[in-house]
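1. Give me the fold of what follows.
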Amino acid sequence: MASTYMIDDKKIKQRILLNTDWMGISLHIETPVNDAPQGYMWRTYENGTNVWKMRRILYTDRGDKVFTLLNEPKSRVIDPRAALLEVENEWLYHGVGVRGILRLLMKMCIFNIRGLSRLDLAMDFNPTPEQFDCMRHLAQLEYRVQGKRNIVPWWSKNNDEWLPQQYRNVFIPHQISWGHKTTDFKWKCYYKTKELKDEVGGKGWGKPYIVDCWRDAGFDELNVWRLEMSIKDCNGILWNGEKLTLDAWGNHTAAIAKDLYTSRFKVRKEQGHADKTNDEVVEFLPVEGWRNVRCRKGNGLAEHSGRISLLRRLVQSLDEEQILLDRVSREDVLAHIGSMVRRDGLQQYFKALTGDYYETFCDRVRGDAGEQNTGNDKYDILRVNQWNEDIKPNTKFL
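-> Numbers count the residues shown, from 1 in each chain. Just a heads-up that it's a prediction; the model follows:
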């Protein structure tokens, strides 16, 4: 119930990726919430939120966040059993599965699923010149999205090192949004690359698991834009004449995205006709032919999260001077990292995390330590050369 879908449009030579970016599930909790099972831990915050008294966050024992559980409503009007489960963004991209998340919660309490609370669907793409022109016209209010009000365009002019040449020192509409913050259905079209770069000050990537999806699909990761639909109240959205349910999302994600896009995101030119339906329609994104291209399966949340968490900690340990400057410790850490990258197929994730492929990363670390190579002892560079074939870029779909 979590995967990536792709359109490969041969006519305009473009690929579009579809992912679920946010999910909130409404529950009725029938029993007290028990302690977390082995491999996980709760962190409880009794200050809660404006609506909920209790806020619990479940982590793996390695510190990776899995989901947030909000319960014990403050208002007497709300059913005291009511609760909200918010799935951590990373699991929606990993493809571990929302069913796996729910089975995990079942080990801690008995609950009934009331339905979807919030759902964000994201379509990522490298824009064609025509699509970028369309975004510029929308930001300048020369085009409009039929029936949409509260349009907010954001323009920026930057000279960041990572920016593609065509975006440097020119104003670009890096975000356009439709809908007020209180409306139940909102759209946003924005420069996703910029958002993820800005999260880490332009060095490396925020949310590298998203960049991993882009690279697997052969995207130019420095020029990825996103059209995102955010459904705040899924009970108010009908699909095929019925409420948008968790089962419908799990079985028909691509069909739902296509239907909502074609019915709710129709771009027209502003041509001054008294009858606005006479204004010319502009095709923006192709939405025919989604196919599933990724659904990673692990042996459980803790294991899947753990290997990534361990890899991050190993990389971060090289920032510690006592490890970086101690040759034996440093080379052991590098060898361990190389083994994980090779064994677990984390080449693209590692590149997204560090900005370098494994061998380049090793050279950079040794340079930071004041060494150019490791000599000819048992920590010789030949120790990692055997992994060359596995570390080359791989754009095949999983």
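2. can we go C-alpha only for contacts and neighbour counts from here?
-> Fine.
3. and the residue nearest to Val333 when sequence neighbours are not counted, what are its phi and psi?
-> In this structure, Val333 finds its nearest non-sequential neighbour in Leu314, 6.5 Å apart by C-alpha to C-alpha, 6 or more residues apart in numbering. Backbone torsions of Leu314, given as degrees, to the nearest 10, read phi -60, psi -40.
4. Let the chain start at 2 from now.
-> Shifting the count to begin at 2 puts that one at Leu315.
5. Surely Leu315 touches Ile338?
-> Yes - using C-alpha atoms under 8 Å, Leu315 makes contact with Ile338 at a distance of 6.9 Å.
6. show me where the chain has helices.
-> 90-95, 99-107, 130-140, 193-199, 209-217, 247-265, 302-318, 322-325, 328-344, 348-355, 359-369, 383-386, 389-392 (DSSP state H).
7. hang on, the earlier thing: just give me the neighbour total for the residue nearest to Val334.
-> Leu315: 15 surrounding residues under other C-alpha atoms under 10 Å.
8. Just list the residues touching Asp125, thanks.
-> Counting by C-alpha atoms under 8 Å, 6 or more residues apart in numbering, Asp125 touches Ile17, Leu18, Leu19, Val225, Trp226, Arg227, Leu228.
9. low-confidence ranges in the stretch 52-201 of the chain?
-> Along the stretch 52-201 of the chain, the parts satisfying pLDDT under 70 run over 95-98.
10. Not counting sequence-adjacent ones, nearest residue to Asp10?
-> In space, Asp10 is closest to Arg16, 6.1 Å off (C-alpha to C-alpha, 6+ apart).
11. how much space between that neighbour and Trp226?
-> 12 Å (C-alpha to C-alpha, to the nearest Å).
12. what touches both of these two?
-> With C-alpha under 8 Å, 6+ apart as the test, Arg16 and Trp226 both reach Phe126, Asn127.
13. Just want to know which of these two has more residues nearby.
-> Taking other C-alpha under 10 Å, Arg16 and Trp226 do not tie; Trp226 has more neighbours (23 against 19).
14. Does that one touch Tyr192 like I think?
-> Yes - with contacts counted by C-alpha under 8 Å, Trp226 reaches Tyr192, the gap being 4.4 Å.
15. what's the neighbour count on the residue lying closest to Ala84 once chain neighbours are set aside?
-> Of all residues not flanking Ala84 in the chain, Asn72 sits nearest, at 4.3 Å (C-alpha to C-alpha, 6+ apart). By other C-alpha under 10 Å, the residues close to Asn72 number 24.
16. before we move on, the earlier item: bridged to the residue nearest to Asp10, which residues?
-> With DSSP bridges as the criterion, Arg16 is bridged to Asp9.
17. ditto for Trp53
-> Pro74.
18. That one: what's it in contact with?
-> Contacts of Trp53 by C-alpha under 8 Å, 6+ apart are Leu71, Asn72, Glu73, Pro74, Lys75.
19. how close does Asn20 sit to Glu162?
-> For Asn20, the distance to Glu162 - C-alpha to C-alpha - is 28 Å.
20. Tell me how far the spatially most central residue of the chain lies from Asn90.
-> Among the residues of the chain, the one closest to the centroid is Ile211, at 4.5 Å (C-alpha atoms, centre = their mean). Going from Ile211 to Asn90 by C-alpha to C-alpha gives 10 Å.
21. Equivalent analysis for Ile238, please.
-> Applying C-alpha to C-alpha, the value for Ile238 to Asn90 is 22 Å.
22. try Thr194
-> Taken as C-alpha to C-alpha, the span from Thr194 to Asn90 is 17 Å.
23. what do you get for Gly203?
-> Distance, Gly203 to Asn90, using C-alpha to C-alpha: 21 Å.
24. do His29 as well
-> 22 Å.
25. again with Asp62
-> Using C-alpha to C-alpha, Asp62 is found at 18 Å from Asn90.
26. With Asn113 instead?
-> 22 Å.
27. which one of those two has more residues nearby?
-> Set side by side, Asn113 and Asn90 show more neighbours around Asn90, with 18 against 14, by other C-alpha under 10 Å.
28. these two touch, right, that one and Asp65?
-> No - judged on C-alpha under 8 Å, Asn90 makes no contact with Asp65 at a distance of 11.5 Å.
29. joint contacts of the two?
-> By C-alpha under 8 Å, 6+ apart, no residue touches both Asn90 and Asp65.
30. re the thing from before, settle it for me: which of Asn20 and Glu162 has more neighbours?
-> Taking neighbours as other C-alpha under 10 Å, Asn20 and Glu162 compare with Asn20 leading, 24 against 10.
31. Does Leu228 touch Tyr192 like I think?
-> No - Leu228 lies out of contact with Tyr192 (C-alpha under 8 Å); the separation is 9.2 Å.
32. show me where pLDDT drops low in the stretch 202-351 of the chain?
-> Ranges of the stretch 202-351 of the chain meeting pLDDT under 70: 295-308, 345-346, 349.
33. residues near the residue lying closest to Cys190 once chain neighbours are set aside, how many?
-> Excluding the flanking residues, the one nearest Cys190 by C-alpha to C-alpha, 6+ apart is Leu228, at 4.4 Å. Applying other C-alpha under 10 Å, we find 21 residues neighbouring Leu228.
34. residues in contact with Leu228?
-> Contacts of Leu228 (C-alpha under 8 Å, 6+ apart): Ala123, Met124, Asp125, Trp188, Lys189, Cys190, Tyr191.
35. re earlier: most neighbours among the contacts of Asp125, please name it.
-> For these, neighbours tallied by other C-alpha under 10 Å; top is Leu19, 25 neighbours.
36. That one and Asp260: what is the separation?
-> Distance, Leu19 to Asp260, by C-alpha to C-alpha: 13 Å.
37. what's the closest of the helices of the chain to Pro38?
-> Distance to Pro38, taken as C-alpha to C-alpha, is lowest for helix 99-107 among the helices of the chain, at 8.4 Å.
38. relative to helix 247-265, how tilted is the closest one?
-> Following axes from the mean of the first three to the mean of the last three C-alpha atoms, to 10 degrees, one obtains 140 degrees for the angle between helix 99-107 and helix 247-265.
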